[in-house]
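**Student:** one predicted model, sequence on top.
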Amino acid sequence: MLEAALERRYSASTGEGFFTGGGLHHFDNFNREDDGKVMSVRDGLRNSVNLVFIRLMRDIVHHYMFLTPGSSAKLLQDASDPRRAAYLARFADREGQVFIRRFLVKYQGKTAQEAQELLLDNVRPTTSRLAAIFRTIAPDAPLEQFTAFVKDNLAGGVDPAEPKLAKLYAQYAPEKMSLADRGYLAGVHPLELWLVGYLRNHPGASQTQVMQASSDQRQAVYSWLFSTHRKHAQDQRILGLLEGEGFLEIHRQWASMGYPFDALVPSYATALGASADRPAALAELMGVLVNDGVRKPAMRIQSLHFAAATPYETLLQYQPGKAERVLAPEVAQAVRGALRLVVEEGTARRVKQAFVRPDGRIIPVGGKTGTGDQRFDTYGAGGRLIKSRVVNRSATFVFNIDERFFGTIIAYVPGAQAAAYDFTSGLPVQLLKVLAPKLMPLMNAGASDAARPGACVN
């Protein structure tokens, strides 16, 4: 069955868009020649084909969302399921917090007048829009201030009739018109209006205080979403939350094998490294595979000897922790076989014959390569790339040698200077090849401590 799983075939096409992580995403392969292929998981691993693993990750996430007994995803089938309201309330709260944080960056630290001017910068003023804005940011202000605000900010100095302003003042009162409606009429996100008004009365408020104060407003602006005739819109939001729940289970499994962070990015891009990792954690994962699915405690120091031959002499010795099985041995063995192909036929071929015994026998090597070109891209209408800012560049090779030694090599350039580099994962692979003569004494040490199963070469 494991062999069949490794032969499961996926399209490598880049033409499909994937709704994940709260939006529509498109992914590319490192080698464009792979775009038109359909290949097995084994071949995708061997040749580092991104779209194979994007689609594999989608299947895994969907398994936890839809296929496990009692899955919450069943509520998508029934618009009257009472659990839907709870999910939608969670979405409204989470999405509202995203907008509040964004608007806080814009307005925090500004005076009331500065915030008001900043708010009006992107508004085409009309009587109705100005009325909706002022009755939200200054709901307790008298009619005289309202009238002055509208007249001062109307384009061209148009002087609306006083009776009309008095009518709008009453019509747009917070108790008569919802925050969502006032935001719609103003052409401004309602939470942005609310925040400007809140900071007007609480200029020194912290983010925590703002979040606590905006709890009801975050629910109110998404009231439209709770209407049952908007089931499709509801389903899209619920799917995003269910995807996050699926990643919680994936994270639990990854953490058991050494994943070092407290959460995963809930996106299929996690399969390509969007959730990041650490060199030691990658080596630890390879150690799990080398040890047939058993995670053994990492050991950096064997003993510490203080104040020898004095009354204060102290000897601290390492007490080994308990090994834990985190993978079935058959799974670890199947993965090791696939990793061997990465070296024999795939992206790490240059290290295939790097380690040779004195009698001429080639020491087998397995591993996985990865290249990271992290950048922020800004797109315009029609998907046109406007700007690309390089963040960093990395290349990684995590490996095992003779299924006894394992480790990680990473080449990394941080910041904008990474734009001057274009290396790939071939660099750390070549480095391991160069280091092979230095490592061969360890390979030949037989049953010595350096060559015992599970030893880690850094």
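**Tutor:** Noted; the coordinates are in hand.
**Student:** please go through the chain and pick out the longest strand.
**Tutor:** Secondary structure of the chain per DSSP state E: the longest strand is strand 385-401.
**Student:** could you list the paired strands of that one along with their orientation?
**Tutor:** strand 365-379 (antiparallel), strand 405-414 (antiparallel) (DSSP bridges).
**Student:** can you say which of the ones you listed is packed in most?
**Tutor:** strand 405-414 (a mean of 20; mean count of other Cβ atoms under 10 Å). Every residue, glycine included, has its C-beta placed from N, CA and C.
**Student:** how close does His202 get to Asp402?
**Tutor:** 65 Å (Cβ to Cβ, to the nearest Å).
**Student:** cool, and Gln212?
**Tutor:** Gln212 is 58 Å from Asp402, by Cβ to Cβ.
**Student:** neighbour-wise, which of the two wins?
**Tutor:** Set Gln212 next to Asp402 and count neighbours by other Cβ atoms under 10 Å: Asp402 wins out with 15 against 10.
**Student:** name the helix or strand for the closest residue to Leu119 other than its chain neighbours, please.
**Tutor:** Closest residue to Leu119 apart from its sequence neighbours, by Cβ to Cβ, 6 or more residues apart in numbering: Val196 at 5.3 Å. For Val196, the element it lies in under DSSP states H and E is helix 190-201.
**Student:** and whatever helix or strand comes next after that helix, how far out from the chain middle?
**Tutor:** Using DSSP H and E, the helix or strand that follows helix 190-201 in sequence is helix 207-213. Computed by Cα atoms, centre = their mean, to the nearest Å, the chain-centroid distance of helix 207-213 equals 25 Å.
**Student:** show me what helix 207-213 packs onto, helices and strands only.
**Tutor:** Other elements packing on helix 207-213 under the criterion 3 or more Cβ pairs under 8 Å, 6 or more residues apart in numbering; DSSP states H and E are helix 83-107, helix 190-201.
**Student:** nearest to Gly321, out of these?
**Tutor:** If you check each of these against Gly321 by Cβ to Cβ, helix 83-107 wins as the nearest, at 37.7 Å.
**Student:** re earlier: which elements pack onto the helix holding Val196?
**Tutor:** helix 83-107, helix 112-120, helix 127-137, helix 179-186, helix 207-213, helix 215-220.
**Student:** now do the next helix or strand after the shortest one: which elements does it pack against?
**Tutor:** Following helix 215-220 in sequence order, the next helix or strand is helix 231-256 (DSSP H and E). With contacts defined as 3+ Cβ pairs under 8 Å, 6+ apart, the secondary structure elements packing on helix 231-256 are strand 18-20, helix 50-62, helix 83-107.
**Student:** against which helices or strands is the first one packed?
**Tutor:** Judged by 3+ Cβ pairs under 8 Å, 6+ apart, the packing partners of strand 18-20 are strand 23-25, helix 50-62, helix 231-256.
**Student:** would you turn these into JSON lines with mean pLDDT?
**Tutor:** Compiled in JSON lines, these are given as follows (pLDDT from 0 to 100):
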{"stretch": "strand 23-25", "mean pLDDT": "86"}
{"stretch": "helix 50-62", "mean pLDDT": "95"}
{"stretch": "helix 231-256", "mean pLDDT": "85"}
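**Student:** contacts only, for the residue lying closest to Leu339 once chain neighbours are set aside.
**Tutor:** Once flanking residues are discounted, Leu339 sits nearest to Gly366: 3.5 Å by Cβ to Cβ, 6+ apart. Contact analysis of Gly366 by Cβ atoms under 8 Å, 6 or more residues apart in numbering lists Arg336, Leu339, Arg340, Val342, Val343, Phe399, Asn400, Glu403.
**Student:** take those and keep only those in helices.
**Tutor:** Those of the contacts of Gly366 mapping onto helices are Arg336, Leu339, Arg340, Val342, Val343, per DSSP state H.
**Student:** any chance of these in CSV, plus distance to Glu249 and pLDDT?
**Tutor:** Putting the ones in helices among the contacts of Gly366 into CSV (distance: Cβ to Cβ, whole Å; pLDDT from 0 to 100) gives the following:
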residue, distance to Glu249, pLDDT
Arg336, 25, 95
Leu339, 25, 96
Arg340, 29, 96
Val342, 27, 96
Val343, 32, 96
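**Student:** which one of those is nearest Thr424?
**Tutor:** Set against Thr424, the nearest of these by Cβ to Cβ is Val342 (14.1 Å).
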